[in-house]
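K.L.:
Predicted model, plus sequence, below.
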Amino acid sequence: MTGIFDRITAAEKPHHVAPEEVDAQAEGSPGPQPQVSHARDEEWRTPRKVREAVQEMLKYGLLEESQKPNLYRAALADTEAVERILEPLDLAMGIDDVRGLLFVMVRQAGQGEDDDWSHPLVRRQRLNLEQSLLIAVLRQHFIVYEQESGTGANLAQVAVDELIPQLQVYLGELGSEAGERNRVLALLDQLKGHGLVSAVDAHDRVVIRPIITHLANPENLQALVAWLRAQVQGTGAANTGEAGEQA
């Protein structure tokens with residue numbers, strides 16, 4: 001006869017589980033959930049080519065058909081997807097299909113909002129007077145080239161020596177040919193960083209990029225002219241004041 005202590009001891013011993021019982025329990029347990037496959041993950045994503053096109057535009061500010069034809073076509077074929085990506089960033093895509101050009105635009109600020117230069121993705125580097133004047137001169141060369149070769153032609157070139165006398169009209173002479181040349185080369189190098197011109201080639205020429213037609217549009221050029229007039233008037237007023245004090 002089994003005593004009370006024998007029954008208590010037997011109850012506290014670990015129950016031996018047979019191997020077949022372990023297998024049965026393993027089959028019935030849910031176990032770790034399988035990871036979502038890569039194929040299913042891609043179902044809801046924006047197409048890869050469209051993502052790459054937007055990344056290229058955000059990196060350089062523009063996308064040229066002549067430079068990246070596949071990405072250009074991908075963005076143009078799915079403009080709604082591109083706009084969905086850019087809209088939360090307060091950006092939009094400008095389209096110049098005649099010149100084969102897509103470019104990033106800052107959406108117009110609403111009433112009470114800051115201006116475009118406050119946008120966190122826009123470089124806070126305003127063009128100075130010398131750069132703006134050179135852009136205006138280059139745009140004139142580009143327009144003449146398009147009038148002769150047709151809108152959409154993208155090999156507008158200008159020699160460095162052609163730009164020197166045109167800038168002298170506005171900026172005056174430095175008194176040194178080497179100084180004049182270095183000034184133009186330095187300005188061209190700065191504009192190259194904005195994607196407006198190519199590097200100077202072996203024949204001392206640069207290619208003017210089509211984006212210049214949008215950066216130096218009539219509205220911006222009118223603003224530049226108004227600013228120059230204000231500067232001239234301010235200088236004239238200052239000179240008049242100095243003359244009055246001397247008198």
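P.N.:
Structure received.
K.L.:
List the buried residues for stretch 89-98?
P.N.:
90, 91, 92, 93, 96 (16 or more other C-beta atoms under 10 Å). Where C-beta positions appear, they are placed from N, C-alpha and C, glycine not excepted.
K.L.:
meant to ask about stretch 200-219, not that
P.N.:
200, 206, 208, 209, 210, 211, 212, 213, 215, 216.
K.L.:
Hmm, the first one is touching residue 159, no?
P.N.:
By that I understand residue 200. No. In this structure residue 200 lies outside contact range of residue 159 using C-beta atoms under 8 Å: 9.6 Å.
K.L.:
on that earlier part again, just checking: the least confident one among the buried residues of stretch 200-219 is which?
P.N.:
Taking pLDDT as the measure, those have their low point at residue 216 (64).
K.L.:
that older thread, which single one of the buried residues of stretch 89-98 is nearest to residue 150?
P.N.:
residue 96 (14.4 Å; C-beta to C-beta).
K.L.:
All the helices of the chain, in order from the start?
P.N.:
With helices called from DSSP state H, the chain shows them at 4-12, 19-28, 38-43, 48-60, 69-77, 79-86, 129-149, 160-171, 177-192, 212-215, 218-246.
K.L.:
tell me the mean pLDDT over the last one?
P.N.:
Spelled out, it's helix 218-246. pLDDT averaged over helix 218-246 gives 59.
K.L.:
Poorly predicted segments of this structure, please.
P.N.:
Residue ranges of the chain with pLDDT under 70: 1-43, 108-126, 216-229, 231-247.
K.L.:
what domains does the record give for it?
P.N.:
48-108, 129-233 (automatic domain parsing).
K.L.:
mind pulling up the phi and psi values for residue 66?
P.N.:
The phi/psi pair for residue 66 (degrees, to the nearest 10) reads phi -70, psi -30.
K.L.:
if I pick it, what's in contact with it?
P.N.:
100, 154 (C-beta atoms under 8 Å, 6 or more residues apart in numbering).
K.L.:
Could you do the one 5 residues further on as well?
P.N.:
Applying C-beta under 8 Å, 6+ apart, we find residue 71 in contact with 49, 52, 53, 56, 63.
K.L.:
ok, now residue 49?
P.N.:
Contacts for residue 49 (C-beta under 8 Å, 6+ apart) come out as 70, 71, 74.
K.L.:
related to what we said a few turns ago, the contacts of residue 71, buried ones only, as a ChimeraX selection?
P.N.:
Only the buried entries of those go into this ChimeraX selection, using 16+ other C-beta under 10 Å:
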select :53,56,63
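K.L.:
Can you add distance to residue 144 and give the contacts of residue 71 back as JSON lines?
P.N.:
Formatted as JSON lines, these follow (distance: C-beta to C-beta, whole Å):
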{"residue": "49", "distance to residue 144": "36"}
{"residue": "52", "distance to residue 144": "35"}
{"residue": "53", "distance to residue 144": "32"}
{"residue": "56", "distance to residue 144": "30"}
{"residue": "63", "distance to residue 144": "26"}
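K.L.:
ok, of the contacts of residue 71, which one's closest to residue 79?
P.N.:
residue 53 (10.5 Å).
K.L.:
Please look at the closest one and residue 77 and confirm they touch.
P.N.:
No. Using C-beta under 8 Å, residue 53 is not in contact with residue 77; the gap is 9.7 Å.
K.L.:
number of nearby residues for residue 45?
P.N.:
Look at residue 45: counted by other C-beta atoms under 10 Å, it has 9 neighbours.
K.L.:
ok, residue 157 - contacts?
P.N.:
Here residue 157 is in contact with 145, 205, 206, 207, 208 (C-beta under 8 Å, 6+ apart).
K.L.:
Run through the bridge partners of it.
P.N.:
residue 207 (DSSP bridges).
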